[in-house]
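[1] okay, here's the prediction I keep looking at, along with the sequence it came from:
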Amino acid sequence: MQHELEKFLPANRIVTNLSERAAFAGDKWLAGPTPDVVVRPRTTAEVAAVMRFAHERAIPVTTRGAGWGYVGGAVSNCGGICLSLDAMNSLSEVSEQDFVAVVEAGVVTAELQRAAREKGLFYPPDPASSAHSTLGGNIATNAGGARCLKYGVTRNYVLGLEVVLADGTIVNLGGRNHKNKTGFDLLSLFVGSEGMLGVVTGATLKLLPHPPARRALAAVFADISQAAEAVWAVFAAGLLPAALEIADEATFAHFLAQRGLPPQRGAHVLVEVDGQIASARAEIAENEAVLRGAGAREIEVADSEIEVEALWETRRQFSAALSASGKIKLNEDIVVPRGKLVELVEFARILGEKHGVEVACFGHAGDGNIHVNLLLDSAQLERAEAILDELFAQILSWGGAITGEHGIGLAKKRWWPSAVSPEVRALHQTVKAALDPKGILNPGKWI
Ligand SMILES: Cc1cc2nc3c(=O)[nH]c(=O)nc-3n(C[C@H](O)[C@H](O)[C@H](O)COP(=O)(O)OP(=O)(O)OC[C@H]3O[C@@H](n4cnc5c(N)ncnc54)[C@H](O)[C@@H]3O)c2cc1C
C-alpha cells in the first residue's frame, strides 16, 4: 500500500514502521490493534486523495484526532488506514469583526481558547481533555464540558465545516454567518457522527465576547444525596451558573488521600459564574446563600481568577485520583433528566453495594451528566458488563441516555440496540449507506 500512497502523499506523511504505527493504535479507553498504515496529510486535497484511494479499493479508514477519546472511536479495529489529522493544525483566523475562528481539524482545543482570549474573545466548549483533544475530534464527538450548562456543547459553536466524504468529494457546509437556514441542516449531521460519515478537515467556529469576570465556590456536603438536592436548589432559586459540578464521597475521599490531605467524609460541589464584575460577585454570593441553606458544611469562595483556577485544579484531579487508586476504572458518562439526579446518585451507590464493587460518581450535575466510575479489581472485570447492563437499563427507563458526551464508539456498542428504537437504528443505516456506501469509514463500530 505504501508505494501507491506515495503517488499522492509525501513519503514523510506515511508511517509504516511498526513501533511508530503502534502509537496510533489506541485511545484513552482501549489499546487497539495497530493500523496497517498511518497517514498524516497536511492538506484537504491530500485527505481527499487518500479517501479516493481507499474508496476505490474498499479499504477501512479510521479518522483520528489526538486519540483522547474515551470510547475506542479512534481505534482501527478493522485494520486498514489510520487517517490522522494531527498535522492539519493551522489556526488561520480569529476574527474580532465576525466573532468567528477558522481552524483546521487538528488544532488543539486549548490553543483556540488561548488565541481567542488574546483578542478578548471566548470559545466556551471546554472538555476536560482540552489541552490535548483536537477540534476535529470535539466536532466528531460533539464534545461537552463543565461550561455546557450555560453555554451549550460543541454543536452550538459550529457555523461552517469542510468535510471530505467517503469517496473523496470535498463539501463546504454553512460558513461564517451566525444564522443560516439554507437547505437541510447537513452541517449538524456531521457533528457527533464519530468519524462514520465523513472526515472533518476544517471548521468555522462561533466566538463570544470574553466575560470580564469569573467567580467560583467549592462547597462540602454531608453526602452525595444532600449535594444533589443542593444542585436542584440552585436552579429553584432562579440561578444559572456557568458550571455546576458534583463529586460523591468516594471520589472526594480518593482525591484527599492522593493529595495526602486529612480524610473527611463528604461530597463536593463546585459552582462557577461569569459575566460583568458586579454581577459575577452578586451571583456567587446568591449561590453561596442557597448552598448554605441547602446544608453545606464548608464553603470556600474564590474571588479572583487565580483562586477560581485553584478550585478547578481540585475538580480536574478527581478523575486522576480515581485512576491512581490502582483499580481498573470504567468511566460511564451517562446522562439523566435533571430531575432524576438524586435518584441516579442513590441508584449508583446501591448498585455498587449490591455487586460488591466500588462506584465513584462525579461530573456535570447541572446537566444531569454524571461520570459513573466502576473501580474494579481484575477479578471483578468479568462482572462489569452485567453491572453496566443494570445501570444502563435503569438510566434508559428514566428517559436518560447511555452517553452524554463521549459517544458510543466500541465501548458502548453492546448497548446501542437498547438505547434507540429499531426505526431510529434503521434511519442511521440509511444515512450511513447514502454517505458511505462501501462502509469504509470507521467500520466495526456501532453502525
Ligand atoms: C481525561 C479526559 C477527560 C475528558 N473530558 C471530556 C469532557 O469533559 N467532555 C467531553 O465531551 N469529552 C471528554 N473526554 C473525551 C474526549 O477527550 C473527547 O471525546 C474529544 O473530543 C476527543 O478528541 P480527539 O481529538 O482526541 O479525538 P479522537 O479520540 O482522536 O477521536 C474521537 C472520535 O472522533 C473521530 N474523529 C476525530 N477527528 C475527526 C475528524 N477530523 N473528522 C471526523 N472524525 C474525527 C474519530 O474517528 C473518533 O471516532 C475526555 C477524555 C479524557 C481522556
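    Arrived safely. Numbering: from 1, shown residues only.
[2] using PDB, list the CA coordinates for the host helix or strand of Ala140.
    Following DSSP states H and E, the helix or strand that holds Ala140 is helix 135-141. Presented in PDB, the C-alpha positions along helix 135-141 are these (Å, rounded to 0.1, in the frame of the first residue of the first chain):
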ATOM      1  CA  LEU A 135     -11.300  20.500  17.400                       C
ATOM      2  CA  GLY A 136     -12.000  17.900  14.700                       C
ATOM      3  CA  GLY A 137     -12.300  15.200  17.500                       C
ATOM      4  CA  ASN A 138     -14.500  17.600  19.500                       C
ATOM      5  CA  ILE A 139     -16.800  18.100  16.500                       C
ATOM      6  CA  ALA A 140     -16.900  14.400  15.700                       C
ATOM      7  CA  THR A 141     -17.900  13.600  19.300                       C
END
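[3] what parts of this protein come near the ligand?
    27-28, 62-70, 73-74, 85, 105, 127-129, 133-134, 136-138, 140-141, 143-145, 194-195, 199-200, 319, 405-406, 409, 442 (C-beta under 6 Å from any ligand atom). C-betas here are computed from N, CA, C, even on glycine.
[4] and the closest residue to the ligand within the stretch 201-350 of the chain, which of the three is it?
    Here the stretch 201-350 of the chain gets closest to the ligand at one residue, Ser319, 5.5 Å apart by C-beta to the nearest ligand atom. Here Ser319 is helix, with the state taken from DSSP: H, G, I helix; E, B strand; the rest coil.
[5] that one touches Pro127, doesn't it?
    No - using C-beta atoms under 8 Å, Ser319 is not in contact with Pro127; the gap is 11.9 Å.
[6] picking up where we left off before, what's the first helix or strand after the helix holding Ala140?
    Following helix 135-141 in sequence, per DSSP H and E, is helix 148-151.
[7] for that following helix, packing partners?
    strand 243-247 (3 or more C-beta pairs under 8 Å, 6 or more residues apart in numbering; DSSP states H and E).
[8] now do the helices in the stretch 101-250 of the chain.
    109-118, 135-141, 148-151, 186-190, 224-236, 249-259 (DSSP state H, counting those that start in this stretch).
[9] show residues contacting the longest one.
    So that's helix 224-236. 219, 221, 241, 244, 246, 248-249, 267-269, 271, 287, 290-291, 293-296, 338-339, 341-342, 344-346, 349, 361, 365-366 (C-beta atoms under 8 Å, 6 or more residues apart in numbering).
[10] return the distance of the helix holding Ala140 from the chain's centre.
    In terms of C-alpha atoms, centre = their mean, to the nearest Å, the centre of helix 135-141 is set 9 Å apart from its chain centre.
[11] go on, stretch 331-346?
    The answer for stretch 331-346 is 17 Å, by C-alpha atoms, centre = their mean.
[12] can you list contacts of the helix or strand in which Phe347 is found?
    Assessed by DSSP H and E, Phe347 sits inside helix 341-355. With C-beta under 8 Å, 6+ apart as the test, helix 341-355 has contacts from 224-225, 228-229, 231-232, 246, 248, 334, 336, 358-359, 361, 365, 368, 370, 372, 374, 383, 386-387, 390-391, 394-395, 398, 400.
[13] many thanks, we can stop here.
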